[in-house]
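K.L.:
sequence and predicted structure are below.
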Amino acid sequence: MSTPARDLPLIDIEGLCVRFGSHQVLRDIDLRVPRGQTLAVIGESGCGKTVLMKSIIGLVSPERGMVRFDGQDISQLGDKELTRQRVRFGFVFQGAALFDSMTVAQNVAFPLRQHSPKTAAEVQEIVLARLAEVGLPPTILQKKPAELSGGMRKRVGLARALSLEPEVILYDEPTTGLDPIMSDVINELIIRTRDHRPVTSIVVTHDMRTATKVADRVVMLYPLSRLTPHEPQILYDGPPERMESSSDARVTQFLKGEAGVRLEEIQAGEVD
């Protein structure tokens, strides 16, 4: 008997390997993300977090392995079908990635104008609703991104990501560059979005406060350059509250922000 589609993982990554020239970034990654889960992908710079996220939406092609989204191998999709599947994703970029020449209203409306048949009045209503959802007033509608604080730009980016009612939201370092208070505002918005919508979320971050607060599950990647050929690249996969009791010292060092042997390696010139 076949498994019902709703019971299959929404995102199913099997044996994923990604290489750029002679530089391998991801090796034999197996990862299954159920519908409705909030997954945090953590790890130090250069471990492949963002490459993994780009692989999920087909922006990076694997050397080996596959990524299935809702049962479909995305590497086998044509451009038109891949575009259709990507509309099911919302993206919150590290620097918000707003269009500088557009107003806030135009930025949030952009996906709607590109991918939906909504009327101008319907688009305006959705824009106002999404901005209110992230705690921004109508008075900023005609402002340009340069007139906004970093935290406001991040929230406009989230409002834009929510405009098409996505099934999956990908957050790339959502709190980078923000002060602790605004970082927590963003964390709370991630939680509120998850609680109020039937959405699956993947949060790529090096911020342990974000990972432990918003995630149901944490996966920690490690740079291949610091692993032996037979070591798995995923050092930890489980609930955030169990990370502290991990038997792998590299996990607890990252969790606590401790240099461990890294300082010795840097001083010896073994790593960047």
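P.N.:
Looks like it came in fine. Note that the coordinates shown come from a computational prediction; the quantities given were computed from them, not determined experimentally.
K.L.:
which other helices and strands contact the host helix or strand of G151?
P.N.:
Applying DSSP states H and E as the criterion places G151 in helix 150-162. In terms of contacts (3 or more Cβ pairs under 8 Å, 6 or more residues apart in numbering; DSSP states H and E), helix 150-162 is packed against strand 89-92, helix 104-115, helix 120-133, helix 180-196. For every residue, glycine as well, the C-beta is placed using N, CA and C.
K.L.:
how about those in CSV, adding mean neighbour count, distance to E147 and mean pLDDT?
P.N.:
Output for the helices and strands packed on helix 150-162, formatted as CSV (neighbours: other Cβ atoms under 10 Å; distance: least, Cβ to Cβ, whole Å; pLDDT from 0 to 100):
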stretch, mean neighbour count, distance to E147, mean pLDDT
strand 89-92, 22, 20, 91
helix 104-115, 19, 9, 92
helix 120-133, 16, 15, 94
helix 180-196, 16, 17, 91
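K.L.:
will you turn the ones you listed into a markdown table that also has distance to R32?
P.N.:
Shown next, in a markdown table, are those (distance: least, Cβ to Cβ, whole Å):
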| stretch | distance to R32 |
| --- | --- |
| strand 89-92 | 17 |
| helix 104-115 | 28 |
| helix 120-133 | 30 |
| helix 180-196 | 19 |
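K.L.:
now for these, which one comes closest to R217?
P.N.:
Across the helices and strands packed on helix 150-162, R217 has its closest neighbour in helix 180-196 (12.5 Å, Cβ to Cβ).
K.L.:
so how far is that closest one from its chain's centroid?
P.N.:
Computed by Cα atoms, centre = their mean, to the nearest Å, the separation of helix 180-196 from the middle of its chain amounts to 14 Å.
K.L.:
over to stretch 13-33?
P.N.:
Remark: stretch 13-33 is offset 17 Å from the chain centroid, using Cα atoms, centre = their mean.
K.L.:
quick one: end-to-end length of it, please.
P.N.:
This stretch, stretch 13-33, spans 9 Å end to end (Cα to Cα, to the nearest Å).
K.L.:
hmm, who's touching it?
P.N.:
With Cβ atoms under 8 Å, 6 or more residues apart in numbering as the test, stretch 13-33 has contacts from 9-12, 39, 48, 51-52, 55-56, 60-68, 200, 202, 219, 224, 232-234, 237.
K.L.:
please narrow the residues you listed to those residing in strands.
P.N.:
Among those, the ones falling in strands (DSSP state E) are 11-12, 39, 64-68, 200, 202, 219, 234, 237.
K.L.:
save the residues you listed as CSV, and put in neighbour count, distance to G78 and pLDDT too.
P.N.:
Converted to CSV, the ones in strands among the contacts of stretch 13-33 look like this (neighbours: other Cβ atoms under 10 Å; distance: Cβ to Cβ, whole Å; pLDDT from 0 to 100):
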residue, neighbour count, distance to G78, pLDDT
I11, 22, 20, 96
D12, 19, 20, 97
L39, 22, 28, 97
R64, 13, 21, 94
G65, 18, 20, 95
M66, 15, 16, 94
V67, 23, 16, 96
R68, 18, 16, 95
T200, 22, 24, 96
I202, 24, 24, 96
V219, 22, 30, 97
I234, 17, 31, 97
D237, 13, 33, 96
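K.L.:
for the residues you listed, work out which two are farthest apart.
P.N.:
R64 and T200 (25.0 Å).
K.L.:
any stretches of the stretch 1-150 of the chain with poor pLDDT?
P.N.:
By pLDDT under 70, the low-scoring segments of the stretch 1-150 of the chain are 1-7.
K.L.:
how about L255: what's its closest non-neighbour residue?
P.N.:
M243 (5.2 Å; Cβ to Cβ, 6 or more residues apart in numbering).
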